[in-house]
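Enquirer: Using only what follows, build the 3D model:
(2 chains)
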Amino acid sequence: MKSGYLLAYSLKKWGWVLLIFGAALGLVVLNLEWEPDVFNLVVPVIIDNPVMADLVIFRMQEQNLLDEMLGGLVIVGSMMVAFSKEKVEDEYIAKIRLDSLAWAVYFNQGLLFLSLFFVYGMSFLWVMIFNLFTLTWFFIARFNWLKTKINKSRKDEE
Amino acid sequence: MKNSLKVERARHNLTQAELAELIKVTRQTINAMELGKYVPSTVLSLRLAAIFQVPVEQLFQLEETDWT
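Expert: This is a model prediction of the structure:
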């Protein structure tokens, strides 16, 4: 079945590698606030609003890019896992994929809504950081759970 | 919507896997259709009708609830 937005099936396992590597190392780096100098690079910054300093717009400046690189790996890895084709693609799996995506948006936004009212301060910043990735993760979880469920029912019914 | 996929499959002596291969879907899709959990597209319905050599209306029938 043709689809305009799906990636090759072979990318799924590499997606898992990037996702797990990026997420595991990312958590360590965030917790230790580790910023090795080798990752200090000059980048074109569009906007920066530092504490106790003036707003910066469009400037080349040095940044430590380790956490950005790991975050990037997690985003790319998650997308590869989420949107690579199945071994056999058909219209039923396409429907399950879209249903799972809709479910994930509802679930993610529901949690975000609750967090708005019940989580404050630095903890809310952590919610926002995780929320960069959770929509795709919830989708991956829901889609894979439904796939497992239909696999089981197939064995029962045949 | 009701369907007689299971009956036709039995009549043609096909397993879910064999039928799945013929119409280029997974076995899960055949199972979901037989259980009424998934309503196939027009293309897939016509492919099924072609394999079983019956009109598509013989495979799929509307129910009262399909009009509401």
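Enquirer: quick one, longest helix in chain A?
Expert: Across chain A, the helix with the greatest residue count (assigned by DSSP state H) is helix A:122-157.
Enquirer: Chain A: helices as residue ranges?
Expert: According to DSSP H, the helices that chain A contains are A:11-32, A:66-83, A:91-118, A:122-157.
Enquirer: With mean neighbour count, distance to chain B and mean pLDDT as added columns, please give those in TSV.
Expert: Placement of C-beta: from N, CA and C, glycine included. Listed next are the helices of chain A as TSV, based on neighbours: other C-beta atoms under 10 Å in any protein chain shown; distance: least, C-beta to the nearest C-beta, whole Å; pLDDT from 0 to 100:
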stretch	mean neighbour count	distance to chain B	mean pLDDT
helix A:11-32	16	16	96
helix A:66-83	19	18	97
helix A:91-118	15	4	97
helix A:122-157	15	5	90
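Enquirer: Could you export these as a markdown table, including distance to residue A:39?
Expert: Compiled in a markdown table, the helices of chain A are given as follows (distance: least, C-beta to C-beta, whole Å):
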| stretch | distance to residue A:39 |
| --- | --- |
| helix A:11-32 | 10 |
| helix A:66-83 | 4 |
| helix A:91-118 | 30 |
| helix A:122-157 | 18 |
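Enquirer: Skip the chain neighbours and tell me the closest residue to the residue positioned nearest the centre of chain A.
Expert: The C-alpha lying nearest the average C-alpha coordinate of chain A belongs to residue A:133 (C-alpha atoms, centre = their mean; 3.1 Å). Using C-beta to C-beta, 6 or more residues apart in numbering or on different chains and skipping residues adjacent in sequence, the residue nearest residue A:133 is residue A:74, 5.7 Å away.
Enquirer: tally of neighbours for residue B:9?
Expert: By other C-beta atoms under 10 Å in any protein chain shown, the residues close to residue B:9 number 19.
Enquirer: Now do the contacts for it.
Expert: B:15-16, B:19, B:30, B:34 (C-beta atoms under 8 Å, 6 or more residues apart in numbering or on different chains).
Enquirer: What residues does chain B have near chain A?
Expert: B:15-16, B:24-29, B:31-35, B:38, B:40-41, B:44 (C-beta under 8 Å from any C-beta of the partner chain).
Enquirer: So for residue A:3, what's the pLDDT?
Expert: Reported pLDDT at residue A:3 in the predicted model: 75.
Enquirer: Hmm, residue A:94 and it touching each other?
Expert: Yes. Because the distance of 6.9 Å satisfies C-beta atoms under 8 Å, residue A:3 is recorded as touching residue A:94.
Enquirer: Go ahead and build a PyMOL selection from the buried members of the residues of chain B next to chain A.
Expert: For selection in PyMOL, the members of these meeting the burial criterion (16 or more other C-beta atoms under 10 Å in any protein chain shown) are listed in this command:
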select buried, chain B and resi 16+25+26+27+28+29+31+32+33+34+38+40+44
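Enquirer: how near is the residue nearest to residue A:133 to residue A:130?
Expert: Noted for residue A:74: a distance of 11 Å to residue A:130, by C-beta to C-beta, to the nearest Å.
Enquirer: ok, back up a step: columns pLDDT on top of the contacts of residue B:9, output as a markdown table?
Expert: Listed next are those as a markdown table, based on pLDDT from 0 to 100:
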| residue | pLDDT |
| --- | --- |
| B:15 | 95 |
| B:16 | 95 |
| B:19 | 97 |
| B:30 | 96 |
| B:34 | 95 |
